[in-house]
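# next comes the sequence, and after it the predicted model I'd like to discuss.
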There are 2 protein chains.
Amino acid sequence: MSARPAAASDRAFAALADPTRRRVFERLRAGPLPVARIAEGMPVSRPAVSQHLKVLKEAGLVTERPEGTRNVYSIDPKGLAPLRRWLNEMWDEALDAFARAVEEEGDGEE
Amino acid sequence: MSARPAAASDRAFAALADPTRRRVFERLRAGPLPVARIAEGMPVSRPAVSQHLKVLKEAGLVTERPEGTRNVYSIDPKGLAPLRRWLNEMWDEALDAFARAVEEEGDGEE
DNA sequence: TGGTAGCGTAAGCCATCGCTTATCAAGCGG
DNA sequence: CCGCTTGATAAGCGATGGCTTACGCTACCA
């Protein structure tokens, strides 16, 4: 019961894997937006955008705030944090391993 | 022919979306490893690992170096860079937008 | 108070994807 | 030189996932 802790980065990765969903997410960069505005200019229908937003919300990447009949979504920076940590960790270790490998290989190489 | 520039981060995200594939990638943290060693203790067969490695390679996340009959794979730090840039950019803008939203909201709030 | 705007959900379809088994190619060692 | 090891690829299957249309619901507005 401990093979995979199912890290918080799991959902984030899965959520951001789909290009369309990432476009939805990116659209919120500049600030909060209601669904209709997000879907504007998107290559998919509004229900599709709603579904994407649901996934993003469950991944902790966005937050939702009802405003009258509108539903305003915003980016939740906290949701990006696990991804950041994972990447930084991998980055560090990868660079380290890379340097070590190069050094080792350079031993007998020309 | 310019709607989606198909950023370099696209393939990286797609590649790292699958948990198993991410585990394969993570196994290379400590240094280069031949396929059999990577598959060791994995919940999937060796061909599956091979397929994952192929995807990772095409995403520029790992490099391959034949060594006799073995095939040694290593992490390619360069492949992680686009992801890093995307994340940092999103992080900055998200924090900015978040701060702005809070400030704006704080105007009329209690 | 009827109408409409704005969203979420349901059902269903089609494509993609990950995995397995089976097969094939290549290099090393006896 | 033959066999074993190591990997990659092929084919096929089961599952997942994203999209669309259709529908239901809530809140504003005249």
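Here it is on my side, so go on.

# where does the prediction get shaky in chain A?
In the predicted model of chain A, residues A:1-6, A:101-110 satisfy pLDDT under 70.

# quick check: residues of chain A near DNA strand D?
Contact residues, chain A versus DNA strand D (CB under 7 Å from any atom of the strand): A:14, A:17-18, A:20-21, A:43-45, A:47-48, A:51-52, A:55, A:68-69. Every residue, glycine included, has its C-beta placed from N, CA and C.

# from those, which two are the most distant?
Greatest spacing in those, by CB to CB: A:A17 and A:G68 (33.0 Å).

# between those two, point out the one with more neighbours.
Neighbour count, other CB atoms under 10 Å in any protein chain shown: between A:A17 and A:G68, A:A17 has more, with 16 against 7.

# surely that one touches B:A14?
Yes. The pair A:A17 / B:A14 is scored as a contact, 5.6 Å apart, by CB atoms under 8 Å.

# what's the PyMOL line that selects buried ones from the residues of chain A next to DNA strand D?
The buried residues among these can be selected in PyMOL (16 or more other CB atoms under 10 Å in any protein chain shown) with this line:
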select buried, chain A and resi 14+17+18+21+52+55
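
# which one of the residues of chain A next to DNA strand D is nearest to chain B?
Set against chain B, the nearest of the residues of chain A next to DNA strand D by CB to the nearest CB is A:A17 (3.2 Å).
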